[in-house]
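Student: sequence first, then the predicted structure:
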Amino acid sequence: MAATETLTAERILEATEEVLRRYGPAKATVVDVARVLGVSHGSVYRHFRTKAALREAVTERWLERTIVALRPHVEAGEPADERLTGWLTALFTLKRRKAGGDPELMATFQVLIGENSAVVDRHEEHLVEQIARILEDGHGEGLFAAPERDFGTTARAVFDATDRFHNPAHAADWSAPDVEDAFTAIVSLVQRALRA
């Protein structure tokens, strides 16, 4: 990068992801990020005050991609029961692709996620809000029963019930021969439980 004026937070995050992929979370430094960008480490610190803030931002950016990818399933169009199945399927597919497509980066982000539990909590809340919106639409369409308490609580129950298919702690199970059948069974069970 020729001039520090063109240095953006987004470019720093891209470089940080590259450095994390190359060196892993234990060895990656802000100096490494600055070197990739062709700037001083002080230039990076002008955008992110600490190494921890940079690592938190790159984790948040990585998780945000999932939220954005799932958004089309939240928008009205198809019936809510189909949108819920599509949402759960897309989440499982995204997580499996991340775990299998770039295992080194996935392992790196597992470390970063462990360091940034508040970021993970916010991410999960966004995901639960997306489910809640689908459930509320489904209730309005007469497909789903009224929640016992509220849509947010029911959405959290759906999220927790499908944990095996989106929580990276279960990534080793995602290539098992019967995983598709298990996923279909849990989605079917969730759909039956929600019916009006």
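Tutor: Yes, it's here. Treat the numbers as computed from the prediction; the structure is a model and nothing was measured.

Student: what are the structural domain limits within the chain?
Tutor: 4-49, 56-194 (automatic domain parsing).

Student: export those as a markdown table, with columns for mean pLDDT.
Tutor: Shown next, in a markdown table, are the domains of the chain (pLDDT from 0 to 100):
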| stretch | mean pLDDT |
| --- | --- |
| domain 4-49 | 90 |
| domain 56-194 | 91 |
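
Student: could you dump those into a markdown table with mean neighbour count added?
Tutor: All C-beta atoms are positioned from the backbone trio N, CA, C, and that covers glycine. Below are the domains of the chain laid out as a markdown table (neighbours: other Cβ atoms under 10 Å):
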| stretch | mean neighbour count |
| --- | --- |
| domain 4-49 | 16 |
| domain 56-194 | 16 |
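
Student: mind listing the helices for this protein?
Tutor: Using DSSP state H, the helices of the chain run over 9-23, 30-37, 41-47, 51-74, 80-101, 103-115, 117-140, 151-161, 179-194.

Student: now render those as a markdown table, adding distance to residue 167.
Tutor: A markdown table is the format used below for the helices of the chain (distance: least, Cβ to Cβ, whole Å):
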| stretch | distance to residue 167 |
| --- | --- |
| helix 9-23 | 21 |
| helix 30-37 | 29 |
| helix 41-47 | 31 |
| helix 51-74 | 13 |
| helix 80-101 | 8 |
| helix 103-115 | 11 |
| helix 117-140 | 10 |
| helix 151-161 | 10 |
| helix 179-194 | 13 |
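
Student: quick one: closest of the ones you listed to residue 172.
Tutor: Residue 172 sits nearest to helix 80-101 of all the helices of the chain, at 8.8 Å, using Cβ to Cβ.

Student: need the residues that contact the closest one.
Tutor: Helix 80-101 has contacts (Cβ atoms under 8 Å, 6 or more residues apart in numbering) with 66, 69-70, 73-74, 77-78, 105-106, 109, 127, 130-131, 134-135, 137-138, 141, 143-144, 158, 162, 165-166, 168, 171, 174-175, 183, 187, 190-191, 194.

Student: swap in stretch 177-184?
Tutor: Stretch 177-184 has contacts (Cβ under 8 Å, 6+ apart) with 89, 92, 164-165, 173, 176.

Student: do I have it right that residue 142 meets residue 196?
Tutor: Yes. Taking contacts as Cβ atoms under 8 Å, residue 142 lies within contact range of residue 196: 5.7 Å.

Student: contacts only, for residue 146.
Tutor: Neighbours of residue 146 in contact, by Cβ under 8 Å, 6+ apart: residue 139.

Student: so how far is residue 195 from it?
Tutor: To residue 195, residue 146 is 12 Å away according to Cβ to Cβ, to the nearest Å.

Student: same question, residue 33
Tutor: For residue 33, the distance to residue 195 - Cβ to Cβ - is 51 Å.

Student: same check, this time on residue 148
Tutor: Residue 148 is 14 Å from residue 195, by Cβ to Cβ.
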